[in-house]
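In: heads up, no residue letters with this:
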């Protein structure tokens, strides 16, 4: 429309997922368009356009003819050095009126959910707008109907897999329980039984590790759509990161904001889970809901409600869902954090003596339930299914399948160990009577997990254990001294994270 | 604690109010602390510390020994070139748990409101956290009790004026009605009658101009605390920007986010208004509440509720509040936008023939009510007060007082005119039957107001006017062609902004 163009230059500035454009405050584009710092700007090159936030620079970074892009904006635009780009005010984000409406008490509709998801998917929402959307959906603000609308919109926004098999299995844990990393074990058992399980996982939201973070310490997880398709076709299963295959692609954008706010939404959780399973082409899904006083789901009543929403949303989208309510009173296994959890998983799959019993037991129960949902000839009750799962694990077939999947994804590697460690000891004798799951998760996050994949916590005691004064309770692992110090500071200021009851002795 | 220091350098990057720190991704601080892009970082120099968001740079901006700060972070820290600063992870913002609690339905308490306000005031909240707080309070989510807590916390967070007079007057308009710029006229009339009115105003939230924006086109408004005190002491009144004197200082931070989200909160509106009046040392306040179908307050029921909350919150903080519910069906005066409104104000104060009648009438009514609240000897009923207000205006005493105040604030200047204009015409004949106030305000904002102070709209018709085909309806004013185009585009895609009814003819 006008001569509002500048030449792009790569400036090597990392603003994570937040698209930022840099211009001289006194360049002709800022002056003619009336741009100021933090203006939302539409950036158009020949092939594509994106919306970015403007940061103005006044000194020697750029000439008057140049604009810089942050790394993510550069990627989104597919920019090349010297590209000519035009600038204009970003159009008003119309779907924000539905977000405001939701904050004012008007429910989302099928159309408004679709518009919001499309705008977020196209990068039209700024971080503060995303935060308002997350807040508008927080807790139980989304009704079942709104959740279904959001789920359908999220499915529509991304790619979809289709498989020839009539039953395509999947499992998911709603999270909130550190160390509950059953997925790689369950997937290996299911696939070793000749069934199909195109497993995609997310990265951590507010927890110290997601399954994708843990798997990434052992094998590449950022598979392309075609690569994932090929792995599942050939090996019956994969253990991939959902974000890379663009199943329900806004999920990772929302997760970043939820993480910054340490905020979850039941509706978004349901939409996130169900949309990814539908997009993965699954037909039968088992969902693990851990319940405990400091877990994500705190009561059986809340678990039943969540279960109902998962089942009903699945049904509305043609997906058969069962749920399993499990114990969420203490972390599962020993490790918390990507690599530390990977060590536990490998110990189970390798039938090591030190493999955590609780992780084995949970994995077998979930695998048994999934086998029963598959309705295989000869496996017509849950106890037979459990037996089959156990045989698959003990015989090493599950381990072989796991390694086969890792190799197919790009190669298995042994997870590493952190450089900085510190063990924390009991101040007095007693019985371990309570874990504050949230504080333990926070402690692992402060140690650096999941960004530092080797960081986290190695639990040394379990509920009901009798401990002596000076006995090790847990060991912190970190990849930087600063993070270790930071976690220690939190530990000493939150002594209620682990309670040791003297009076029971 | 460690050698986590770098040397500061000024890099001339403007990120508006958002404090940002720039470091090499591969510098020893990022590596030892485990910092990544968008990490919230505590930046400590000898005198002071601030929290900033990290943007990592990989190329030639900075050496490994340097860190850069955005302009606002540089100011907040009071930094000097070469300062040695230490870095650590920003501590978790504890008061965010109260924001999350509020989103989950737990009311704010006196303590949590105080903690939130203190954290925001200290710059500990990131933009997404601020957005979550704004969303948590949106619409009518704050109860009267929570509003009182928030108001008290906001008063406590800033500076306070004290005046010797027993009655210190003030007025305020809750906004939402473009062009309703009575404050400078009312203040001049009140002060010309020997009364005290330490008027502070805010900048626009989502509207195309706030009183501070309009006043700034005629006189400096960013007065220091001492300067404002001296102006009021000597001249009885001022017309200052509240943000500069740090009365309720978090207000401007919240306003920036509300503006980005185009979101208001009744509780925050009440807290914002009442806290600033208390901090200004006022004792008797009149609040104008315009009501109309597309104004901020849409019904008399809503206006009564808002009125009740304003009066009750005032009472809780020792402030006497009266409200006046006024017509909000169409813009007031002719101009919308800082300078255009200033022209209207000057026409009224100068008793020009073309002065808008509606602006005169509203100003006189408000001034009359304030005079009655002052309980001056001999002015014992509203009609006498009205007469006195009118005499003060017509005699030129109000104008003289206005100029006196402007001179005292740093000098009066005539407001200017925009370079780019475009008049829009009626497509058919009829009666002007409806203004969509929100669309008109948006149109003025898109023209560039208030950031471009000369931009906005000049209204050429009023409700009930009979217009011919091709008659001028309004003129857009802009300081940049890009903004004019942008407003035009909006105008043509929203034909319902002004409705002309053919059938009435």
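Out: Here it is on my side, so go on. Please read all numbers here as calculations on a predicted model, not as lab measurements.
In: tell me, how many neighbours does residue A:56 end up with?
Out: 24 (other C-beta atoms under 10 Å in any protein chain shown). Bear in mind the C-beta positions are built from the backbone N, C-alpha and C, glycine included.
In: what does the host helix or strand of it rub up against?
Out: Element membership for residue A:56 (DSSP states H and E) is strand A:49-57. The contact list for strand A:49-57 (C-beta atoms under 8 Å, 6 or more residues apart in numbering or on different chains) reads A:18-25, A:30, A:35-43, A:69-70, A:73, A:76-77, A:90, A:122-124, A:126, B:11-15, B:20, B:70.
In: Who does that strand pair with, and is each partner parallel or antiparallel?
Out: strand A:20-24 (parallel), strand A:40-44 (antiparallel), strand B:13-14 (antiparallel) (DSSP bridges).
In: Distance from the chain centre to the first one, please.
Out: Relative to the mean C-alpha coordinate of its chain, strand A:20-24 is positioned 31 Å out (C-alpha atoms, centre = their mean, to the nearest Å).
In: can you check the shortest one too?
Out: The gap between where strand B:13-14 is centred and where its chain is centred comes out at 23 Å by C-alpha atoms, centre = their mean.
In: Check the gap between the spatially closest residue to residue A:351 that is not a sequence neighbour and residue A:349 for me.
Out: Leaving aside its sequence neighbours, residue A:351 sits nearest to residue A:394 (C-beta to C-beta, 6 or more residues apart in numbering or on different chains; 6.2 Å). Counting by C-beta to C-beta, to the nearest Å, the gap from residue A:394 to residue A:349 is 11 Å.
In: more crowded one of these two?
Out: residue A:349 (23 against 11).
In: Correct me if wrong: the more buried one contacts residue A:404.
Out: No. Applying C-beta atoms under 8 Å as the test, residue A:349 and residue A:404 come out as separate, 11.9 Å apart.
In: Find residues that contact each of the two.
Out: Shared contacts of residue A:349 and residue A:404, defined by C-beta under 8 Å, 6+ apart, are absent.
In: pretty sure residue A:69 contacts residue A:80?
Out: No. Counting by C-beta under 8 Å, residue A:69 stays clear of residue A:80, with 11.1 Å between them.
In: Next secondary structure after the strand holding residue A:56?
Out: strand A:66-69.
In: Direction included, what does that following strand pair against?
Out: Applying DSSP bridges to the sheet, strand A:66-69 is found paired with strand A:5-10 (parallel), strand A:20-24 (antiparallel).
In: Of residue A:69 and residue A:80, give the one with the bigger neighbour count.
Out: Using other C-beta under 10 Å as the criterion, residue A:69 and residue A:80 rank with residue A:69 on top: 26 against 10.
In: residues contacting the more buried one?
Out: Residue A:69 neighbours (C-beta under 8 Å, 6+ apart): A:8, A:10, A:11, A:19, A:20, A:21, A:22, A:43, A:52, A:77, A:79.
In: partner residues bridging it?
Out: On the basis of DSSP bridges, residue A:69 is bridged to residue A:10, residue A:21.
In: how close does it get to chain B?
Out: Distance of residue A:69 to chain B, given as C-beta to the nearest C-beta, to the nearest Å: 13 Å.
In: ok, now how distant is residue A:415 from chain B?
Out: From residue A:415 across to chain B, the span is 18 Å (C-beta to the nearest C-beta).
In: Checking my notes, that residue in a helix, right?
Out: No. Checked against DSSP: H, G, I helix; E, B strand; the rest coil, residue A:415 lies outside a helix; its state is coil.
In: That one: neighbouring residues, count only.
Out: Neighbours of residue A:415 under the rule other C-beta under 10 Å: 19.
In: likewise the one 10 residues further on?
Out: Counted with other C-beta under 10 Å, the burial measure for residue A:425 works out to 13 neighbours.
In: What distance do you get for it to chain B?
Out: 23 Å.
In: tell me the pLDDT at that residue?
Out: Looking at residue A:425, its pLDDT reads 96.
In: Now do the phi/psi pair for it.
Out: phi -120, psi 160 (degrees, to the nearest 10).
In: Contacts only, for it.
Out: Going by C-beta under 8 Å, 6+ apart, residue A:425 touches A:470, A:471, A:472, A:473.
In: do residue A:100 as well
Out: A:132, B:138, B:261, B:262, B:263.
In: ok, 7 Å please
Out: Going by C-beta atoms under 7 Å, 6 or more residues apart in numbering or on different chains, residue A:100 touches B:262, B:263.
In: Can you tell me the element it falls in?
Out: Element membership for residue A:100, per DSSP H and E: helix A:96-103.
In: what about that helix, distance to the chain center?
Out: For helix A:96-103, the distance to the chain centre is 26 Å (C-alpha atoms, centre = their mean).
In: anything in the next helix or strand after it near chain B?
Out: Using DSSP H and E, the next helix or strand after helix A:96-103 towards the C-terminus is helix A:110-121. No. Figure legend: helix A:110-121 not in contact with chain B (C-beta under 7 Å from any C-beta of the partner chain); closest approach 13.9 Å.
In: how about helix A:110-121: buried residues?
Out: Neighbour-count burial for helix A:110-121 flags A:112, A:113, A:114, A:115, A:116, A:117, A:119, A:120, A:121 (criterion: 16 or more other C-beta atoms under 10 Å in any protein chain shown).
In: what's the closest of these to residue B:310?
Out: Nearest to residue B:310 among the buried residues of helix A:110-121 is residue A:112, at 32.7 Å by C-beta to C-beta.
In: List the contacts of the closest one.
Out: Here residue A:112 is in contact with A:95, A:98 (C-beta under 7 Å, 6+ apart).
In: Now with 6 Å, please.
Out: Residues counted as contacts of residue A:112 (C-beta atoms under 6 Å, 6 or more residues apart in numbering or on different chains) are residue A:98.
In: Can you read off the pLDDT for it?
Out: With respect to pLDDT, residue A:112 scores 98.
In: Same check on the one 3 residues further on?
Out: Looking at residue A:115, its pLDDT reads 98.
In: Over to the one 4 residues further on?
Out: Per-residue confidence (pLDDT) for residue A:119: 95.
In: give the contact list for it.
Out: The neighbours of residue A:119, taking C-beta under 6 Å, 6+ apart as the test, are A:93, A:95, A:125.
In: Go through the residues you listed and give me the one with the most neighbours.
Out: Among the contacts of residue A:119, the one with the most neighbours (other C-beta under 10 Å) is residue A:125, at 25 neighbours.
In: for it, phi and psi?
Out: Phi and psi for residue A:125, reported as degrees, to the nearest 10, are phi -90, psi 130.
In: all strands for the stretch 251-400 of chain A, in order.
Out: A:284-291, A:320-327, A:335-336 (DSSP state E, counting those that start in this stretch).
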